[in-house]
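[1] Let me see the structure of the following:
(one chain, ligands or ions: 1)
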Amino acid sequence: MKILIINGPNLNLLGRREPEIYGARPFDDFFREMQAQLRHVSLEYFQSNHEGALLDKLHEAGFDADGIVLNAGALTHTSVALADAVAAIPAPVVEVHISNVHSREPFRHHSYLAATCEGSIVGLGLEGYRLAVEWLSRRVHISRKLEGNE
Ligand code: DQA
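    Numbers count the residues shown, from 1 in each chain. Alright, predicted model coming up:
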């Protein structure tokens, strides 16, 4: 089972960027821990600060992966193109935000992605990524069982 985590702009700075909001842990460190814990999942990670690269990755993985966890950072609040890409691909996408965007500035309250994603997890820190991966892997098992492939 293949699940991809995609992080958007500025999320390469996790651990160093506004730690009072996003925490002090570098994402790579958290990702390695998750890989070790979720051995039944082939977990991949992609980060880019460029909208086009994120679109290309969604197009590439969206027809192949069993699920995608997407934190598009600030592009969440601006990008119709990313929302269209999520709508265009068959892989289920879960939107994650580390911070509680609803308790922050009003411009962070709206997500162009939310309507095309299967669900959203906000405000639970890095733990949100783990919950999203666990949900996607359970979802794959459920649909495989329904299809009689397990
Ligand atoms: C974020 C929230 C966005 O509003 C912000 O632009 C980010 C990070 C989060 O994970 O809390 O870059 O997506």
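
[2] name the helices or strands packed onto the lengthiest helix in the chain?
    Across the chain, the helix with the greatest residue count (assigned by DSSP state H) is helix 127-146. Helix 127-146 is packed against strand 2-7, helix 27-37, strand 67-71, strand 93-97, strand 119-122, with contacts defined by 3 or more C-beta pairs under 8 Å, 6 or more residues apart in numbering; DSSP states H and E. Using the backbone N, CA and C atoms, a C-beta is placed for each residue, glycine as well.

[3] closest to the ligand out of those?
    Go through those one by one with C-beta to the nearest ligand atom and the one that ends up closest to the ligand is strand 93-97, at 3.8 Å.

[4] picking up where we left off before, now render the helices and strands packed on helix 127-146 as CSV, adding distance to the ligand, mean pLDDT and mean neighbour count.
    Converted to CSV, the helices and strands packed on helix 127-146 look like this (distance: least, C-beta to the nearest ligand atom, whole Å; pLDDT from 0 to 100; neighbours: other C-beta atoms under 10 Å):
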stretch, distance to the ligand, mean pLDDT, mean neighbour count
strand 2-7, 8, 98, 22
helix 27-37, 11, 96, 15
strand 67-71, 5, 98, 26
strand 93-97, 4, 98, 25
strand 119-122, 7, 98, 17
